[in-house]
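>>> just need the structure, nothing else, for what follows:
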Amino acid sequence: MSDAVPAEPLKFAYWVPNVSGGLVTSKIEQRTDFGFDYNKKLAVLAENSGFEYALSQVRYASSYGAAQQHDPAAFSLGLLQATERLKLIVAAHPGLWHPAILAKFGITADVLSQGRFAVNIVSGWFKDEFTGLGEPWLEHDERYRRTEEFIRVLRGLWTRPNFDFRGDFYRINDFSLRPQPHQVPGRPHPEIFQGGNSTAARQVAGRVSDWYFSNGKDFDGFAEQVSDVRAVAAEHGRTVRFGLNGFLIARDTEAQAREVLREIVDKADVDAVEGFRRAVRQAGRSTSDGKGMWADSEFADLVQYNDGFRTGLIGTPEQIAHRIVEYKKRGANLILLGFLHYLEDVAHFGENVLPIVRDLEVELDRTGDPIGVGNAR
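Below you'll find the model as predicted:
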């Protein structure tokens, strides 16, 4: 088996539908609701269907198919109290949060949930949210410099008493937070996730993050990101784990699954997708090497606003399971999933896709099946 293949079982996460409009910007029926009662039921179902994590989305302004939004921190705290094992990843923006305030909130949430709190640090793509709140909008690489400082402060306050920090964005003076996060064996502090496709994002992840989240990517695109982040991490004596976004459509036949995808795109909310495309265009193309988020996304990709279709988890349960394991061979530790009809699709995943993934992982451990061998399409 390649050294790049993680030996531990893949972890699975789902996007919490805490914003209205579902996970695709389309007028197709989505039997999904952003309300809390629906999400409590979903969270319990998810943790009983093999999901270990849930990621709450962050939107502040009514925009691009997400007309209404619940705050991810408050929403996640409620879901932590409604579940027993599920870990909630709270998305948070530097510039809108102060790292010490997020650290303090995180400690309380972690203690209340006995170690099930995590964060996803989002450098920001939506300029209007910052300027509308009177906050400065930094250039692309400056946003990631701020993110790196933010993460260093978070980790320092979670692990060190009398913490000092002198940065360009944050200053911490001999500060201690009490209590500290819940003690979990093998976990020095709540897990820190961070995303972004750009070179700046990859470098920050390699230097300071526990997890690197990738937008939807094909095999080659994901493998490139893994290679880049690992190289930076190795230079700093670190290891980073990798999550990959995907939108999953499982049906009895591949033709049926692809027909669902076709209908989603055909019924896209064109105005909302085009508005989103205009808003994010600078996120990738403002980078010097064009590797930023959404830099090469087409209209159809943006109907799922984190490029989830590009991961290709569309087909029969067997096809999807094989493709998921091919991503594991390329370095994936976690697959972050979105669905059209959450309750039905999460249950179907747990009953029909996940068991095949687990069987394939056993076979992978036994044979060391190399990349490119198997039934992935």
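>>> which residues of the stretch 51-200 of the chain score low on pLDDT?
Scanning the stretch 51-200 of the chain with the threshold set as pLDDT under 70 gives 63-64.
>>> in it, which spans are strands?
53-56, 87-92, 117-121, 163-166, 171-175, 191-195 (DSSP state E, counting those that start in this stretch).
>>> out of those, nearest to residue 19?
Residue 19 lies closest, by C-beta to C-beta, to one member of those: strand 53-56, at 9.3 Å. From N, CA and C alone the C-beta is placed, and that goes for glycine too.
>>> other SSEs contacting the closest one?
Judged by 3 or more C-beta pairs under 8 Å, 6 or more residues apart in numbering; DSSP states H and E, the packing partners of strand 53-56 are strand 11-16, helix 72-82, strand 87-92, strand 334-338.
>>> what's the angle between the longest one and strand 11-16?
For helix 72-82 against strand 11-16, the angle by axes from the mean of the first three to the mean of the last three C-alpha atoms, to 10 degrees is 120 degrees.
>>> can you give me how far helix 72-82 is from the chain middle?
Centroid displacement of helix 72-82 relative to its chain, using C-alpha atoms, centre = their mean, to the nearest Å, is 17 Å.
>>> got the angle between that helix and strand 117-121?
Going by the same axes, to 10 degrees, helix 72-82 is angled at 160 degrees with respect to strand 117-121.
>>> the longest helix that the chain contains: which residues count as buried?
For the chain, the longest helix by residue count, based on DSSP state H, is helix 140-159. Within helix 140-159, the residues that count as buried by 16 or more other C-beta atoms under 10 Å are 140-141, 143-158.
>>> save the strands of the stretch 51-200 of the chain as TSV, and put in mean neighbour count too.
Shown next, in TSV, are the strands of the stretch 51-200 of the chain (neighbours: other C-beta atoms under 10 Å):
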stretch	mean neighbour count
strand 53-56	26
strand 87-92	24
strand 117-121	26
strand 163-166	14
strand 171-175	13
strand 191-195	22
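>>> spell out, range by range, the helices that occur in the stretch 201-350 of the chain.
For the stretch 201-350 of the chain, the helices defined by DSSP state H, counting those that start in this stretch occupy 219-235, 254-266, 270-285, 299-302, 317-329, 342-348.
>>> nearest to residue 101, of those?
helix 270-285 (25.6 Å).
>>> what residue is smack in the middle of the protein?
Residue closest to the mean C-alpha point of the chain, counted by C-alpha atoms, centre = their mean, is residue 213 at 5.2 Å.
>>> what's opposite that residue in the beta bridge?
residue 195, residue 243 (DSSP bridges).
>>> and the pLDDT for it?
pLDDT, residue 213: 97.
>>> shouldn't it be in contact with residue 197?
No - counting by C-beta atoms under 8 Å, residue 213 does not reach residue 197; the two are 9.7 Å apart.
>>> ok, residue 34 - how many residues close by?
The local packing of residue 34 (other C-beta atoms under 10 Å) involves 20 other residues.
>>> contact partners for it?
By C-beta atoms under 8 Å, 6 or more residues apart in numbering, the residues touching residue 34 are 17, 18, 19, 20, 21, 68, 69, 70.
>>> phi, psi of it?
Main-chain dihedrals, residue 34, degrees, to the nearest 10: phi -90, psi 0.
>>> and it, how far is that from residue 44?
Distance, residue 34 to residue 44, by C-beta to C-beta, to the nearest Å: 17 Å.
>>> ditto for residue 131
As judged by C-beta to C-beta, residue 131 and residue 44 stand 39 Å apart.
>>> more neighbours: which of these two?
Set residue 131 next to residue 44 and count neighbours by other C-beta under 10 Å: residue 44 wins out with 15 against 11.
>>> helices or strands next to the host helix or strand of that one in the packing?
Residue 44 is part of helix 36-47 when elements are defined by DSSP states H and E. Counting by 3+ C-beta pairs under 8 Å, 6+ apart, the packing neighbours recorded for helix 36-47 are strand 11-16, helix 72-82, helix 342-348.
>>> export these as a markdown table, with columns for mean neighbour count.
Listed next are these as a markdown table, based on neighbours: other C-beta under 10 Å:
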| stretch | mean neighbour count |
| --- | --- |
| strand 11-16 | 23 |
| helix 72-82 | 20 |
| helix 342-348 | 19 |
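>>> quick one: closest of these to residue 334.
Using C-beta to C-beta, the helices and strands packed on helix 36-47 put strand 11-16 closest to residue 334, at 4.3 Å.
>>> pLDDT value on residue 284, please?
pLDDT for residue 284: 48.
>>> ditto for the one 3 residues further on
Looking at residue 287, its pLDDT is 56.
>>> neighbours around residue 218, how many?
Counted with other C-beta under 10 Å, residues neighbouring residue 218 total 11.
>>> tell me the contacts of the residue nearest to it when sequence neighbours are not counted?
In space, and not counting its chain neighbours, residue 218 is closest to residue 310: 6.1 Å by C-beta to C-beta, 6 or more residues apart in numbering. Residues near residue 310 by C-beta under 8 Å, 6+ apart: 215, 216, 217, 218, 221, 301.
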